[in-house]
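Trainee: sequence unavailable; structure follows:
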């Protein structure tokens, strides 16, 4: 697909796809086009189909209906970036263990982390397990491959004194309250950024966790005619994820004060409480906060 070839590439990747196409440009541009191709309506594969054609079918019938859109997009990106440019043109029934093992060795030489290689392997292994179940292949060619060892590093956490210093700095920052909530609760970013006013109980100083918030990218990120993405609320992944968490009284009082200020803003602008999806934490324009922006503009400076 790209004008340049990648290590281990057996032929032009376009030969592996239902719609042949050529992208003249960088590796990143070719990868974006491959992700877009993988999102197109697939044709039903057979054992003579290429790995790329089969993967497109697998993503459509086994991944998209079952997993979150963010996870499905992650699967597509990993397969496109790390595997299909090398093995996508190979017929499914002809894929050999050494074909994939060689790719893993090349990825390691390129400096990819063992964790990334193992995650990519898990995606491919799952796809080929389904191929066995559908009687397209008799055995999984990537079972038993040698995978790089993950070096376990000790997790660095804040000491109580560091946590107090961080909380003090956040309290003096105009956008620091969301990070005070994160520090006090241990919630995931997708959880505390999805908190709505109805989830807050001032009397009990609690939040009720019911949903997560994520930014869903368009299938073709290179298409300028498509929006940059959309916000999506989803229920927590597991039933246990729906829970009530306590927050310190001081943080609870600051949240209540924030909601009071928002109420004044609504009155001044003749807006109702549906502004910003009723979110507690939102941008000045009433939009959800992007986790990446929160990290770069607030967390890192603090």
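Mentor: Done, it's in. As the structure is a prediction and not an experimental result, all values here were calculated from the model.

Trainee: can you tell me the centre-most residue of the chain?
Mentor: Nearest to the geometric centre of the chain sits residue 70, at 4.5 Å (Cα atoms, centre = their mean).

Trainee: how about that one, nearest residue that isn't a chain neighbour?
Mentor: Closest residue to residue 70 in three dimensions, ignoring its sequence neighbours and counting by Cβ to Cβ, 6 or more residues apart in numbering: residue 214, at 4.9 Å. C-beta coordinates here come from the backbone N, C-alpha and C atoms, glycine included.

Trainee: picking that back up, make sure the residue nearest to the centre of the chain is indeed in a helix.
Mentor: Yes. Assessed with DSSP: H, G, I helix; E, B strand; the rest coil, residue 70 lies in a helix.

Trainee: isn't it right up against residue 212?
Mentor: No. When contacts are counted by Cβ atoms under 8 Å, residue 70 is not listed as touching residue 212 (9.3 Å).

Trainee: helices or strands next to whichever strand or helix holds the residue nearest to residue 70 in the packing?
Mentor: Residue 214 belongs to strand 211-216 when elements are defined using DSSP states H and E. Under the contact criterion of 3 or more Cβ pairs under 8 Å, 6 or more residues apart in numbering; DSSP states H and E, strand 211-216 touches helix 69-82, helix 189-192, strand 230-235.

Trainee: contacting residues around the longest one?
Mentor: Read it as helix 69-82. When contacts are taken as Cβ atoms under 8 Å, 6 or more residues apart in numbering, the neighbours of helix 69-82 outside the stretch itself are 31, 34-35, 38-39, 55, 59, 63-64, 67, 103, 107, 112, 116-117, 119-120, 123-124, 214, 216-217, 232.

Trainee: the nearest residue to residue 137 once chain neighbours are set aside and residue 43, how far apart?
Mentor: If the residues on either side of it in the chain are set aside, residue 137 comes closest to residue 131, at 4.9 Å by Cβ to Cβ, 6+ apart. Using Cβ to Cβ, to the nearest Å, one obtains 15 Å as the distance from residue 131 to residue 43.

Trainee: how about residue 84?
Mentor: Distance, residue 84 to residue 43, using Cβ to Cβ: 16 Å.

Trainee: for the two, indicate the residue with more neighbours.
Mentor: residue 84 (29 against 11; other Cβ atoms under 10 Å).

Trainee: which non-adjacent residue is nearest the more buried one?
Mentor: Distance criterion Cβ to Cβ, 6+ apart; nearest residue to residue 84, sequence neighbours excluded, is residue 52 at 5.1 Å.

Trainee: tilt between the helix or strand where that neighbour lies and helix 69-82?
Mentor: Taking DSSP H and E as the definition, one finds residue 52 inside helix 51-58. Here helix 51-58 points in a direction 180 degrees away from that of helix 69-82 (axes from the mean of the first three to the mean of the last three Cα atoms, to 10 degrees).

Trainee: which secondary structure elements does helix 51-58 contact?
Mentor: With contacts taken as 3+ Cβ pairs under 8 Å, 6+ apart, helix 51-58 sits against helix 27-38, helix 84-87, helix 114-133.

Trainee: just those helices: most buried one?
Mentor: helix 84-87 (a mean of 25; mean count of other Cβ atoms under 10 Å).
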